[in-house]
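This is a predicted model, with the sequence first.
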Amino acid sequence: MARHIVVDGYNLAHALRDTGALVRSDRTAARERLLDLLRRYQRVAPAQITVVFDGSGAGPAQRQRIAGIDVRFSRPPQSADDLIRAMVDASRDPGRLLVVSSDRAVSGPVRRRGAAAVRSDEFGDRLFAALRRRDDPAEKPVTTDTEKWLELFHDRSRDEDRQ
């Protein structure tokens, strides 16, 4: 059975270079960027992923499925930390869970229940390393880009030497 990764959404967003500043200025854009990164990561490292955010940013829906990722919003006064701990407590197989959070108030209790936990910055390193290794056509230059670069940087003196 594949690993189930449970992510403290804003905690990870603050830890990533791609979303750290954005989460302070535009939480919606930060959430979208984070979900895009996780969706791309999921292609490389198949896993069930649940992202938990504080608050009611989803409007009336507290749970959504976006691009194969389960997205949950805690309901105040419950925090994302509370919801993550409750999810681990309710799990039939906590050993299958990997919780991504730098909060000790989360990592300690989930480890005691049998789940693995990793700090957000460490998971961010894993995420970006996996994305660099992946074979994602969206990240490769398109043929027209390659042709332009070859045209710009082609060493014409090598052509003259061959003649």
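Yep, it's here.

From now on I want contacts and neighbour counts done on CA atoms only, so please keep to that.
Will do.

where does this protein dip in pLDDT?
The chain contains residues with pLDDT under 70 at 1, 56-61, 135-163.

can you give me the helices for it?
9-15, 20-25, 27-44, 80-90, 104-112, 120-133, 143-153, 156-162 (DSSP state H).

and the shortest one, what does it pack onto?
For helix 20-25, the elements it packs on are helix 9-15, helix 27-44, judged by 3 or more Cα pairs under 8 Å, 6 or more residues apart in numbering; DSSP states H and E.

CA-only coordinates of the first one in PDB, if you can.
Translated: helix 9-15. Extracted C-alpha coordinates of helix 9-15, given in PDB (Å, rounded to 0.1, in the frame of the first residue of the first chain):
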ATOM      1  CA  GLY A   9      -0.100  23.300   4.400                       C
ATOM      2  CA  TYR A  10       0.800  26.700   5.600                       C
ATOM      3  CA  ASN A  11       3.700  25.300   7.600                       C
ATOM      4  CA  LEU A  12       5.200  23.800   4.400                       C
ATOM      5  CA  ALA A  13       4.400  26.900   2.300                       C
ATOM      6  CA  HIS A  14       6.300  29.000   4.800                       C
ATOM      7  CA  ALA A  15       9.300  26.700   4.500                       C
END
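
quick revisit: tell me which of the helices and strands packed on helix 20-25 sits nearest to residue 111.
Nearest of the helices and strands packed on helix 20-25 to residue 111, taken as Cα to Cα: helix 9-15 at 17.8 Å.

still on that earlier bit, out of the helices of the chain, which gets nearest to residue 70?
helix 27-44 (9.9 Å).

if we can go back for a sec, and of the helices and strands packed on helix 20-25, who's closest to residue 96?
Among these, helix 27-44 comes nearest to residue 96, with 16.1 Å by Cα to Cα.

Report the angle between that closest one and helix 120-133.
Angle of helix 27-44 versus helix 120-133, following axes from the mean of the first three to the mean of the last three Cα atoms, to 10 degrees, is 60 degrees.

what's the spacing between helix 27-44 and its chain's center?
5 Å (Cα atoms, centre = their mean, to the nearest Å).
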